[in-house]
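Participant: pasting the sequence and the predicted model now:
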There are 2 protein chains.
Amino acid sequence: MGVTLKEVAALAGVSRSAVSRTFTPGASVSAKTRAKVEKAAKELGYSPNALASSLTTGRTKLIGLISNNFHNPIFLEVFDQFTRALQERGLRPLIVNLTDETEPANSVRMLRQYSVDAVIVASSTLPPSFAKAFHDAGVPVVHTFGRSATSPEVHVVGIDNVECGRMAARELVARGYASVGYLGGPVDATSALDRQRGFVEEMANHPQIPVSHSFAGAYSFEAGRAEMLRLLAGDPAQAYFCGDDILSIGALSALADHGLKPGSDIGIIGLNDMEMSRWEYINLTTIHQPIKQIITSSVDLVEEMLKTPDRYPEARIFPCRVVERGTLRPRP
Amino acid sequence: MGVTLKEVAALAGVSRSAVSRTFTPGASVSAKTRAKVEKAAKELGYSPNALASSLTTGRTKLIGLISNNFHNPIFLEVFDQFTRALQERGLRPLIVNLTDETEPANSVRMLRQYSVDAVIVASSTLPPSFAKAFHDAGVPVVHTFGRSATSPEVHVVGIDNVECGRMAARELVARGYASVGYLGGPVDATSALDRQRGFVEEMANHPQIPVSHSFAGAYSFEAGRAEMLRLLAGDPAQAYFCGDDILSIGALSALADHGLKPGSDIGIIGLNDMEMSRWEYINLTTIHQPIKQIITSSVDLVEEMLKTPDRYPEARIFPCRVVERGTLRPRP
DNA sequence: AAATGCTTTGCAACCGATTGCACCATTTTT
DNA sequence: AAAAATGGTGCAATCGGTTGCAAAGCATTT
């Protein structure tokens, strides 16, 4: 199939080592042999087999990218950013789609079979223990969108979900809503729990405002819509902090069903600020999460871990901010 | 780092070949040695290095998955389906995000460095020549969503875009619209051209109905919206066949800006039937493309090519159908 | 001219597996 | 009981590279 080192060496009239060194940055080769080798290589259309070299170097430049959120549009942005950032640095994403059927243990094994240099767990709906499994297996791992614990066991890059919960609460209070609700993501997602905690904490300062809670089954349009329809059938609050933008958009569609106008009739604030939230006829008021910075930083961190494998774990937390659009009524 | 064959062999008290054979389906090993090996392997936590074995077998089970549509929500569904279908068959997707900055030639080289067993080009906005480059390099390739030429040079799986264009035209005519327009994707996408061709062909049977044409800069919300805003500023047609769903949704948002009701004021028909199009408050009338079948079939085809590398190229075309929702007025 | 130091080069072992072949131990056949 | 067939095993070469080491090449210094 492919052209090999040996053939190039033969054509160039040098040893295999010489060829290998020409393609190894920083190795010592004279300009003369380098020229000969490059000529021969071009002639034959040679390019080194990355997998074969990984055998001796121990580096594959393959990075496992694990996720399970294939129904949340923000993940298109996430994949876009991750794949770009990785390939800009000469790393290759090996994707794992963690569906309900796939055994997590299998994917750990699989990624080790392909001897990935590192793993990025990109999901807040995967438990911290999952990321830790890689860590324990000796694979460098960063948990992007993971829980920003003060004492993380693995590297975490993301936002302070608790603080975001507080921020949402402050915002709803400032708008003068007399009753508020939290419509969170799946109950077992750390992000859903942390956002709720912050929300509750802040609302505790305003005991006169009743607070309700509910959780959607997933971070998806359908789940958000279904949950909001359920709430509307009962006695809904005046405003909701939704777990994220896609839930918010689902909720907005439920409001539309009931002929309710977002903002004036029922307020909605989301979290993420994905592209779609900016669409004019969605126009969602939301908390902006700096996706691009988070992902760039995650990949930076991966690179640094490749250099210093037993780096002391750190949490990189990025600040968020409210972006005002049309789904919350104006401050009084 | 990892446990190797040799260590397992030593612990089990057998030769390395014996260990290798235990993990090679269909190789001859006695139940007794197999048991010994499996015990030792479990004890050590061994799993074979897929990359090392690829050296001798010539199979990596790595499949290059190339795309460039990271701004069209349908691609989240596409990636979901592809990654699932591949991993169900024990294949691993190696993703390439073809951004404007990346040289296509580089990605060809890169995928060869990782000796992928095959490549899937998943985009209708990449020229057929691109897929052919892999073919010429001796890599099995299938072009999913590619042009369904009658004489394809590489394997193609997708739909008959020309026929879809006709179908859209027939639908608009049947609804009695007195003027129609085509709002296509990027001018250099084969899908945009083919859909236009079919649309024009069919409209030629109705010379009394004027037909206009325009092309958006990309398959994206922004592009669709911008183009429709431009059209609305002039003298718009009564109904549009939009290049795909995301363009349609962009167009719908432009209509909303002008206070126009889709269906009654201006008709819109899309193509794809992505999840989002079913959302109640989008509710797009569109031509359904059987994404899941197309992708399953693509992966099947890849698997078959691994068995029979110089399979005669074929085009697998899946039928589409109109799904009626709310953005076209009812048939008279 | 000999001694010194530095760079360049090739040899050969190795990375972690697979596999053709020869050999050996069992069965089965005659 | 001997011969033939069968199945299991290990040796050693191989896949496509990398790299430590020693020898060779070359220029500079004394």
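Facilitator: Yep, that arrived.
Participant: the residue nearest to residue A:176 when sequence neighbours are not counted: neighbouring residues, count only.
Facilitator: Excluding its sequence neighbours, the residue lying closest to residue A:176 (Cβ to Cβ, 6 or more residues apart in numbering or on different chains) is residue A:332, at 4.9 Å. Just so you know, the C-beta spots here come from the backbone N, C-alpha and C atoms, and that holds for glycine as well. Residue A:332 sits with 6 neighbouring residues when counted by other Cβ atoms under 10 Å in any protein chain shown.
Participant: gap between residue A:332 and DNA strand D?
Facilitator: 67 Å (Cβ to the nearest atom of the strand, to the nearest Å).
Participant: look at the nearest residue to residue A:211 once chain neighbours are set aside and report its pLDDT.
Facilitator: Closest residue in space to residue A:211, ignoring its immediate chain neighbours: residue A:203 at 4.8 Å, by Cβ to Cβ, 6+ apart. Residue A:203 carries a pLDDT value of 98.
Participant: same deal with residue A:129?
Facilitator: So residue A:129 comes in at 88 (pLDDT).
Participant: kindly report the same for residue A:150.
Facilitator: Note for residue A:150: predicted pLDDT of 69.
Participant: give me the neighbour count for the residue in the stretch 151-300 of chain A that DNA strand C sits nearest to.
Facilitator: Among all residues of the stretch 151-300 of chain A, residue A:154 sits closest to DNA strand C, at 24.5 Å; criterion: Cβ to the nearest atom of the strand. As a burial measure, residue A:154 scores 22 neighbours (other Cβ under 10 Å).
Participant: isn't it up against residue A:132?
Facilitator: Yes - Residue A:154 is in contact with residue A:132 according to Cβ atoms under 8 Å; the separation is 5.8 Å.
Participant: contact partners for whichever residue of the stretch 101-250 of chain A sits closest to chain B?
Facilitator: Nearest residue of the stretch 101-250 of chain A to chain B, counting by Cβ to the nearest Cβ: residue A:113, 4.3 Å away. Contacts for residue A:113 were tallied using Cβ atoms under 8 Å, 6 or more residues apart in numbering or on different chains; they are B:47-50.
Participant: coming back round to it: what's around the residue nearest to residue A:211, how many residues?
Facilitator: Residue A:203 has 22 nearby residues by other Cβ under 10 Å.
Participant: quick one: contacts for it?
Facilitator: A:169, A:173, A:180, A:209, A:211.
Participant: can you do 7 Å?
Facilitator: A:169, A:180, A:209, A:211 (Cβ atoms under 7 Å, 6 or more residues apart in numbering or on different chains).
Participant: and for residue A:269?
Facilitator: Residue A:269 neighbours (Cβ under 7 Å, 6+ apart): A:168, A:171-172, A:241, A:285-287, A:327-328.
Participant: what's the answer for residue A:172, then?
Facilitator: By Cβ under 7 Å, 6+ apart, residue A:172 lies in contact with A:180, A:239, A:241, A:267, A:269.
Participant: angles on the backbone of it, please.
Facilitator: Backbone dihedrals for residue A:172, given as degrees, to the nearest 10, come out at phi -70, psi -40.
Participant: any idea how far residue A:242 is from it?
Facilitator: 11 Å (Cβ to Cβ, to the nearest Å).
Participant: any weak-confidence spans in the stretch 1-150 of chain A?
Facilitator: Along the stretch 1-150 of chain A, segments meeting pLDDT under 70 span A:1, A:150.
Participant: the helices in it, which residues?
Facilitator: Assigned by DSSP state H, counting those that start in this stretch, the helices in the stretch 1-150 of chain A fall at A:5-12, A:16-22, A:31-44, A:50-57, A:74-88, A:104-113, A:128-136.
Participant: can you tell me which of the ones you listed is most buried?
Facilitator: Of all these, helix A:74-88 carries the top mean neighbour count, a mean of 22, counting by mean count of other Cβ atoms under 10 Å in any protein chain shown.
Participant: tell me what angle that one forms with helix B:74-88.
Facilitator: Angle of helix A:74-88 versus helix B:74-88, following axes from the mean of the first three to the mean of the last three Cα atoms, to 10 degrees, is 70 degrees.
Participant: helix A:74-88 relative to helix B:104-113, how many degrees between them?
Facilitator: 80 degrees.
Participant: and residue A:202, how far from residue A:176?
Facilitator: 15 Å.
Participant: show me which of those two is the more surrounded one.
Facilitator: residue A:202 (21 against 14).
Participant: and the nearest residue to the more buried one once chain neighbours are set aside, how many residues sit next to it?
Facilitator: Counting by Cβ to Cβ, 6+ apart, residue A:202 lies nearest to residue A:169, which is 3.6 Å off, once chain neighbours are set aside. Neighbourhood size, residue A:169 [other Cβ under 10 Å]: 26.
Participant: now swap in the one 5 residues further on and tell me
Facilitator: Here the neighbour count serves as a burial measure; for residue A:174 (other Cβ under 10 Å) it reads 12.
Participant: that one contacts residue A:331, doesn't it?
Facilitator: Yes - here residue A:174 reaches residue A:331: they are 5.5 Å apart, a contact under Cβ atoms under 7 Å.
Participant: what pLDDT is listed against the residue nearest to residue A:176?
Facilitator: On the pLDDT scale, residue A:332 is placed at 85.
Participant: and it, helix, strand or coil?
Facilitator: Here residue A:332 is coil, with the state taken from DSSP: H, G, I helix; E, B strand; the rest coil.
Participant: so what's the gap between the lengthiest helix in chain A and the chain middle?
Facilitator: Using DSSP state H, we find that the single longest helix of chain A is helix A:291-307. Helix A:291-307 sits 11 Å away from the centroid of its parent chain (Cα atoms, centre = their mean, to the nearest Å).
Participant: repeat for stretch A:276-283
Facilitator: So, by Cα atoms, centre = their mean, the centroid of stretch A:276-283 is 22 Å from its chain's centroid.
Participant: can you pull the buried residues of it?
Facilitator: Counting neighbours by 16 or more other Cβ atoms under 10 Å in any protein chain shown, one finds that the buried residues in stretch A:276-283 are A:276-277, A:279, A:281-283.
Participant: dump these to JSON lines, plus pLDDT, secondary structure and distance to residue B:231.
Facilitator: Shown next, in JSON lines, are those (pLDDT from 0 to 100; DSSP: H, G, I helix; E, B strand; the rest coil; distance: Cβ to Cβ, whole Å):
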{"residue": "A:276", "pLDDT": "96", "secondary structure": "helix", "distance to residue B:231": "23"}
{"residue": "A:277", "pLDDT": "97", "secondary structure": "helix", "distance to residue B:231": "25"}
{"residue": "A:279", "pLDDT": "93", "secondary structure": "coil", "distance to residue B:231": "18"}
{"residue": "A:281", "pLDDT": "85", "secondary structure": "coil", "distance to residue B:231": "18"}
{"residue": "A:282", "pLDDT": "93", "secondary structure": "coil", "distance to residue B:231": "22"}
{"residue": "A:283", "pLDDT": "95", "secondary structure": "coil", "distance to residue B:231": "22"}
